[in-house]
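Asker: What would the 3D arrangement of this be:
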Amino acid sequence: MPEEMLFNDSEEAIKRFTGLTLTNIEQAGLKKIVSEIYKFQVEQIRKKNETGADIDYVPPVDEAIARFLSEFYDISEDKRKWKQLFELSVNKDGSREASGRVKEYFRRKQDEAHLI
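Answerer: Below is the predicted model:
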């Protein structure tokens, strides 16, 4: 997954699960996180190709979201379980997104942190 695509997918998933439109500060932080994840995954693939060793794979978007929420919103959960933190609403088209209560929580936190 190219780095720019990983950033876009991560930003969209954050918006869907938190209701946040990322500020410039948050976007810069997410880009840094995504860059680190991308470099790490490239290294893991190289290592697997050279040694045949098993690697511990975590979907990169989940990893990016978990690290972003930990850094900016102090939500430290196992990256494989972070989605369980959120109440999800089902839209008319069947898609799921954060509930109004979750969106309000993140908007308030963003405002308190002066990230707007």
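Asker: Give the buried residues for the longest helix seen in the chain.
Answerer: What stands out as the longest helix in the chain, according to DSSP state H, is helix 24-51. Applying a neighbour-count criterion of 16 or more other C-beta atoms under 10 Å, one finds 26, 29, 30, 31, 33, 34, 37, 38, 41 buried in helix 24-51. The way it works is simple: take the backbone N, C-alpha and C, and place the C-beta from them, glycine included.
Asker: OK, contacts around the fourth one?
Answerer: The contact partners of residue 31, by C-beta atoms under 8 Å, 6 or more residues apart in numbering, come to residue 7.
Asker: now swap in the fifth one and tell me
Answerer: With contacts defined as C-beta under 8 Å, 6+ apart, residue 33 is in contact with 10, 64, 67, 68, 71.
Asker: hmm, back to that, nearest to residue 52, out of the buried residues of helix 24-51: which one, please.
Answerer: Lowest distance from residue 52 to the buried residues of helix 24-51 (C-beta to C-beta) belongs to residue 41, with 17.3 Å.
Asker: For stretch 106-113, give me every contacting residue.
Answerer: 18, 19, 20, 23, 26, 72, 73, 98, 116.
Asker: Please convert the buried members of those residues into PyMOL selection syntax.
Answerer: To isolate the buried members of the contacts of stretch 106-113 in PyMOL, using 16+ other C-beta under 10 Å:
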select buried, resi 18+19+20+26+72+73+98
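Asker: hey, which helix or strand in this protein has the poorest pLDDT?
Answerer: Confidence across the helices and strands of the chain bottoms out at strand 88-90, with a mean of 63, counting by mean pLDDT, DSSP states H and E.
Asker: Specify the local secondary structure of residue 97.
Answerer: At residue 97 the chain is in strand, as set by DSSP: H, G, I helix; E, B strand; the rest coil.
Asker: quick one: the closest residue to it other than its chain neighbours from residue 73, how far?
Answerer: Leaving aside its chain neighbours, residue 97 sits nearest to residue 16 (4.9 Å; criterion: C-beta to C-beta, 6 or more residues apart in numbering). From residue 16 over to residue 73 the distance is 16 Å, taken as C-beta to C-beta, to the nearest Å.
Asker: How about residue 28?
Answerer: Distance from residue 28 to residue 73, by C-beta to C-beta: 16 Å.
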